[in-house]
Structures are given as structure tokens and as C-alpha cells.
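>>> Following is a predicted model, sequence given first.
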Amino acid sequence: DVQLQASGGGLVQAGGSLRLSCVASGLIFDDYAIAWFRQGPGKERERVSCIFISDGTTFYADSVKGRFAISSDSAKNTVYLQMDSLKPEDTAVYYCAAGNFSAYGYWGQGTLVTVSS
């Protein structure tokens, strides 16, 4: 079975940092694009960032460019999302997902990030 385990969420003050982790199992890690999505209260789900594991190509939503950084460690089947300069509007449940950039067939459980003002 494919499993994606997201962790690292928490409560942080505005301007602070958090690092999310997504550990994947049951799939050939290098064959996938791994993305982080988020859904804030009353908001639609948004793809925040994505990385192609095979070549490290990355994508960022305009809302997080310059503040968030995605990376991967193939030895650990793990993708990280470093989130700096956090804002209250970054408050959301963050999910990791595996797919081919356009479509994601595997999803992890969410991890809650709360940014206080």
C-alpha cells in the first residue's frame, strides 16, 4: 500500500518558521512529483509547492514564493517544506500528495499549521 505521512505542523507566531515532512512508502519515490497542498478555513484547496523527485524541478504558488522552499531526500523517501516568514493567512491544513504534477492519486493525512498574529 502507498502511504504518505505528513508531519511538522504546529502553532507559530507570524514571522516564524516551520518545516513540514512527508515520508512516502509503497511507491518508487523517484518516479513521482510530490506536492504540498493546503486548505485554509473557508478557502479552496491550493497547491503550494511541488517537486519532481527525478530531477529536482520545483514549483511554487505565487503566494509563497520567496518564503517557502521544497526539497527532497531520496535516501529517506522524504519531501520537506521549509516555511519561513509565516503569515496568518498561511494558516491551513497542509497535505502532501504524490502524482505526475497534473494529477495526484495518493494523499497523506493533513497536518495543521496555525500562524498567530
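Perfect, I can see it now. Numbering: from 1, shown residues only.

>>> Quick check: which element contains the residue nearest in space to the middle of the chain?
The chain has W36 as the residue nearest its centroid, 2.8 Å off, counting by C-alpha atoms, centre = their mean. Using DSSP states H and E, W36 sits within strand 33-39.

>>> Not counting residues beside it along the chain, what's closest to W107?
Nearest residue to W107, sequence neighbours excluded (C-beta to C-beta, 6 or more residues apart in numbering): A97, at 4.8 Å. Yep, even glycine has a C-beta here, placed from its N, CA and C like the rest.

>>> sorry, back to before: close enough to count as contact, the residue nearest to the centre of the chain and L18?
No: W36 lies out of contact with L18 (C-beta atoms under 8 Å); the separation is 11.9 Å.

>>> just checking, P41 is part of a helix?
No: under DSSP: H, G, I helix; E, B strand; the rest coil, P41 sits outside any helix and is assigned coil.

>>> In contact with it, which residues?
91-92 (C-beta atoms under 8 Å, 6 or more residues apart in numbering).

>>> May I have the phi/psi pair for it?
phi -60, psi 120 (degrees, to the nearest 10).
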